[in-house]
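Asks: What follows is a predicted structure for the sequence shown.
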Amino acid sequence: MLTRLKHWFRFNRMYMQGKIPWDTGITPPELQVFVQTHPAGRALDLGCGTGTNAIFLAQQGWQVQGIDFAVKAITQAKRKAQQANVAVDFRIGDVTYLPNTGPFDLILDIGCFHGLDEAKRLAYANNAKRLLTPDGTLLLYVHFKNQQMAARMGIYPQALSVFEPELQLIHRQDGVDTSRPSPSAWLTYRHTPT
């Protein structure tokens with residue numbers, strides 16, 4: 001509980017101070033390609049920040065819900081959606097305690113999962129499995145740790161096993177996040193309920 005409060009205060013303070021290097025205001029090409037190759041449906045943006053990607057999805061005809069625990073981020077996201085003249089259901093919340101508002105055809109996470117501890121990653125994965133439609137997609141961007149960067153935010157590759165077997169990895173694109181620098185990957189999972 002104490003760790004969760006520390007994260008909450010830390011992220012809210014960063015948004016208040018405008019120190020949010022992860023919030024580029026640019027929709028990544030990986031999401032743009034996904035939208036071009038999939039029909040619009042219902043989407044959930046986990047750790048949506050100031051709403052850049054949720055707003056992009058809404059502009060492409062998607063019904064979108066965005067969740068973030070940073071109050072300032074959600075306030076900014078609502079303002080940006082209003083300025084863009086799109087409807088997005090932005091909510092202040094914890095990605096590990098999600099109400100049953102699905103099902104969703106797409107769950108998007110750009111940098112949230114890798115900031116969770118082990119128990120929270122399991123709760124997160126269970127939510128994703130519960131809230132995705134059959135054949136729904138989890139589009140996930142993560143930072144990885146290695147022995148030299150063990151103290152940095154990120155996950156070890158074995159942490160991804162929480163999605164198995166219900167979510168099947170269908171595509172992985174490895175890279176390096178130059179802002180940190182650290183190994184990273186875009187992961188595309190398909191929901192294949194057993």
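Replies: Everything's here; your move.
Asks: give me the number of residues near P183?
Replies: P183 sits with 17 neighbouring residues when counted by other CB atoms under 10 Å. (Glycine included, C-beta is placed from N, CA and C.)
Asks: So what pairs up with it in the strands?
Replies: V176 (DSSP bridges).
Asks: Can you verify my assumption that it contacts Q173?
Replies: No: under the criterion of CB atoms under 8 Å, P183 is not in contact with Q173, lying 11.9 Å apart.
Asks: buried stuff in the regular element (helix or strand) spanning D135?
Replies: Per DSSP states H and E, D135 falls inside strand 132-143. Under the neighbour-count criterion of 16 or more other CB atoms under 10 Å, strand 132-143 has 132-133, 136-143 buried.
Asks: Would you mind listing the two of these that lie farthest apart?
Replies: Greatest spatial distance among the buried residues of strand 132-143 (CB to CB): T133 and H143, at 27.7 Å.
Asks: any idea how far F144 lies from S184?
Replies: 7 Å (CB to CB, to the nearest Å).
Asks: From one end of stretch 93-110 to the other, what's the distance?
Replies: Counting by CA to CA, to the nearest Å, you get 16 Å between the two ends of stretch 93-110.
Asks: Name the residues that touch it?
Replies: Stretch 93-110 has contacts (CB atoms under 8 Å, 6 or more residues apart in numbering) with 4, 28, 31, 34, 38, 41-47, 53, 57, 62, 65, 67-69, 112, 116, 120, 123-124, 127-128, 130-133, 136-141.
Asks: So for it, mean pLDDT?
Replies: Average pLDDT, stretch 93-110: 92.
Asks: which SS state does the most centrally placed residue in the chain fall under?
Replies: For the chain, D109 is the residue whose C-alpha lies nearest the centre (CA atoms, centre = their mean; 1.7 Å). Secondary structure of D109, reduced to three states by DSSP: H, G, I helix; E, B strand; the rest coil: strand.
Asks: partners of the helix or strand harbouring V64, with directions?
Replies: If you go by DSSP H and E, V64 is part of strand 63-68. The pairing partners recorded for strand 63-68 under DSSP bridges are strand 42-46 (parallel), strand 89-92 (parallel).
Asks: can you list the residues that contact that strand?
Replies: 40-49, 51, 54-55, 57-58, 74, 77, 88-95, 98, 101, 104.
Asks: May I ask which helix or strand encompasses V35?
Replies: V35 belongs to helix 29-37 when assigned by DSSP H and E.
Asks: so that helix versus strand 132-143, what angle?
Replies: Helix 29-37 and strand 132-143 are oriented at 160 degrees to each other (axes from the mean of the first three to the mean of the last three CA atoms, to 10 degrees).
Asks: if we can go back for a sec, any idea which helix or strand comes after the strand holding V64?
Replies: Going down the chain from strand 63-68, the next helix or strand is helix 71-84, by DSSP H and E.
Asks: if I look at L131, how far off is I26?
Replies: Using CB to CB, one gets 26 Å for the distance from L131 to I26.
Asks: Ignore what I typed, I meant F144.
Replies: Counting by CB to CB - F144 and I26 are separated by 22 Å.
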